[in-house]
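Asks: need coordinates for the following:
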Amino acid sequence: MNIINSNKKFPPIIIVAIVSLLILFGFALWQENSSQGIVTNPGSETTLQYPKATNTEEIIGEPIKELMEEENSEALVRDKTRLADVEIMKQSLEDYKNDIGNYPEIIDEIIPKYLTEIPAGPNNTNDEYNYTCIGSTPCRFYDLTYELEVGVGDITPGIHVASPDEIASP
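Replies: Coordinates of the predicted model:
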């Protein structure tokens with residue numbers, strides 16, 4: 001006995017109504033899951049639940065926060081080393097100028113009398129600082145560029161220029 005009569009067809013309006021109800025039900029279910037922090041990966045059985053976070057500590061977690069603070073404190077130490085290096089080079093350049101009457105054309109001219117060696121910087125890369133003689137020979141002014149990672153005090157992160165008059169100008 002044939003239970004389903006294959007000659008009968010569903011009217012198109014019924015099919016549209018059923019599909020619409022399925023779409024609305026799916027949307028309502030999706031909205032409910034989204035508001036609860038449930039994410040379903042389509043095509044898989046995996047459901048991820050995450051807590052609603054209200055601040056940065058909740059989002060990144062305590063171990064990551066501690067790691068970030070540690071990295072920032074290490075960067076702060078490197079920045080303080082850079083500023084100390086710049087101050088030492090500035091003083092050596094001033095001593096050179098007081099003896100010779102002008103600044104050197106290249107920074108290596110202050111070695112070994114005024115400075116035993118040019119600081120390599122906290123990363124020991126020998127490219128942490130860039131000295132530029134300003135003006136025609138003899139050099140009457142200079143720029144000494146360096147970059148800070150996180151900044152120190154009022155000196156912000158980024159590239160700065162030290163000169164005879166100041167330690168930092170952005």
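Asks: what does stretch 88-107 contact?
Replies: Around stretch 88-107, the neighbours that count as contacts under C-beta atoms under 8 Å, 6 or more residues apart in numbering are 109-110, 113-115, 118-119, 129, 131, 133, 137-142, 144, 162, 164, 167. From N, CA and C alone the C-beta is placed, and that goes for glycine too.
Asks: for that stretch, buried residues please.
Replies: Neighbour counts over stretch 88-107 (16 or more other C-beta atoms under 10 Å) mark 89-90, 92-93, 96-97, 103-104, 107 as buried.
Asks: let me see the mean pLDDT of it.
Replies: In this model, stretch 88-107 carries a mean pLDDT of 91.
Asks: would you map the strands across this structure?
Replies: Here the chain has its strands, by DSSP state E, at 38-40, 47-49, 130-134, 141-148, 158-162.
Asks: format the ones you listed as JSON lines; extra columns: distance to residue 23.
Replies: Below are those laid out as JSON lines (distance: least, C-beta to C-beta, whole Å):
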{"stretch": "strand 38-40", "distance to residue 23": "17"}
{"stretch": "strand 47-49", "distance to residue 23": "21"}
{"stretch": "strand 130-134", "distance to residue 23": "63"}
{"stretch": "strand 141-148", "distance to residue 23": "55"}
{"stretch": "strand 158-162", "distance to residue 23": "52"}
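Asks: so which of those gets nearest residue 16?
Replies: strand 38-40 (26.4 Å; C-beta to C-beta).
Asks: kindly provide the whole-number mean pLDDT of the closest one.
Replies: The model assigns strand 38-40 a mean pLDDT of 51.
Asks: my read is that residue 143 contacts residue 163, right?
Replies: Yes - in this structure, residue 143 is within contact of residue 163 by C-beta atoms under 8 Å, at 5.9 Å.
Asks: show me which helix runs longest in this protein.
Replies: Across the chain, the helix with the greatest residue count (assigned by DSSP state H) is helix 62-100.
Asks: quick one, it and strand 130-134 angle?
Replies: Here the directions of helix 62-100 and strand 130-134 differ by 40 degrees (axes from the mean of the first three to the mean of the last three C-alpha atoms, to 10 degrees).
Asks: and the angle for helix 62-100 with strand 158-162?
Replies: 20 degrees.
Asks: low pLDDT regions in the chain?
Replies: The model of the chain has pLDDT under 70 over residues 1-10, 30-72, 124-127, 168-170.
Asks: do that again at 80, thanks
Replies: 1-12, 14-17, 19-22, 24-72, 121, 123-127, 135-137, 166-170 (pLDDT under 80).
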